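S.K.: Got a predicted structure here, sequence first:
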Amino acid sequence: MFRRSLVVRLVVGVLIVAAVYFLVIQKQGRGPREAPRESRRPEARGGESAGAAGHVICETQYFADWTEPGVGKCAVRMRNGYPVPDAKCTPGGVNPSVTIDVMRDPTWRTKTVRNCASSEAQKHVAYSWYDIEKPRVNSNENQVCELDHLVPLELGGADGLGNIWPQCGPDAVTLNQRYFKQKDHVENYLAEEVKAGRMPLIEAQRGIATDWTQYLSDADLWCGRTGRC
């Protein structure tokens, strides 16, 4: 009988403690436990956006099978009076996480993915592929070469080395007339066309990778219309 009474008292005591604990927790306003942090959406930080741009990752998909070429294995070709890269050495590629929604996101900046797959120093190997001497002075008005993303980052281009080539010359013109500056005009024109919905993104990406010079006339008209070249 004594043992039974003791057990009853212990059970009652446990119930009382549990009830008090429950009342205290409710009073403090504590709800259910939070979900594990891994299942939560990443917070924006370091300039990243919680919008479309926040989903950009460093990823490369080439338009053709690619292996790193050897020294002197590539040759620049001329088309419509402008240089284009060797397709087997620089097939071009895209970052599929840079979608049309990302491009339209006002927080999107190409610095998010610049040098993410290959460093600035690593990109310089492209000079040796094309047997081009790297300029000793190559900045501001003296810039004659650019290690160019064939499909530009602003159009969702990849940062992998298969999308990089040295675009050089000509020397005896102003900076804005050099080949890489003319290609910049094409890139800006295509980016606006895509964002405005007048051209599919993949069409612009494949088109500029195949022959960026095909858009020169349209880009010139765009420059004259907008004054942004």
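M.R.: Everything's here; your move.
S.K.: where do the helices sit along the chain?
M.R.: Using DSSP state H, the helices of the chain run over residues 2-27, 100-104, 120-123, 125-129, 179-195, 201-211, 216-226.
S.K.: And the spatially most central residue of the chain, how far from L155?
M.R.: Centroid-nearest residue in the chain, with Cα atoms, centre = their mean: V113, separated by 3.9 Å. To L155, V113 is 12 Å away according to Cβ to Cβ, to the nearest Å. Any C-beta I mention is one placed from the backbone N, CA and C, and that applies to glycine too.
S.K.: same thing with S139?
M.R.: According to Cβ to Cβ, S139 and L155 sit 25 Å apart.
S.K.: Between those two, tell me which one has more neighbours.
M.R.: Between S139 and L155, L155 has the larger neighbour count (other Cβ atoms under 10 Å), namely 24 against 7.
S.K.: got a list of what that one touches?
M.R.: M103, E187, L190, A191, V194, L201, A204, Q205, I208 (Cβ atoms under 8 Å, 6 or more residues apart in numbering).
S.K.: what does L147 give?
M.R.: K123, H124, A126, Y127, I164, W165, P166, Q167.
S.K.: Give me the nearest residue to it, chain neighbours excluded.
M.R.: K123 (4.7 Å; Cβ to Cβ, 6 or more residues apart in numbering).
S.K.: Pull the contacting residues for the one you found.
M.R.: The contact partners of K123, by Cβ under 8 Å, 6+ apart, come to L147, L161, I164.
S.K.: Which ones among these map onto strands?
M.R.: L147, I164 (DSSP state E).
S.K.: List just the nearest of the contacts of K123 to W212.
M.R.: W212 has its nearest neighbour among the contacts of K123 in I164, at 14.1 Å by Cβ to Cβ.
S.K.: That closest one pairs with what?
M.R.: Counting by DSSP bridges, I164 is bridged to H149.
S.K.: And N188, how close does it get to R228?
M.R.: Going from N188 to R228 by Cβ to Cβ gives 7 Å.
S.K.: Appreciated, that's everything.
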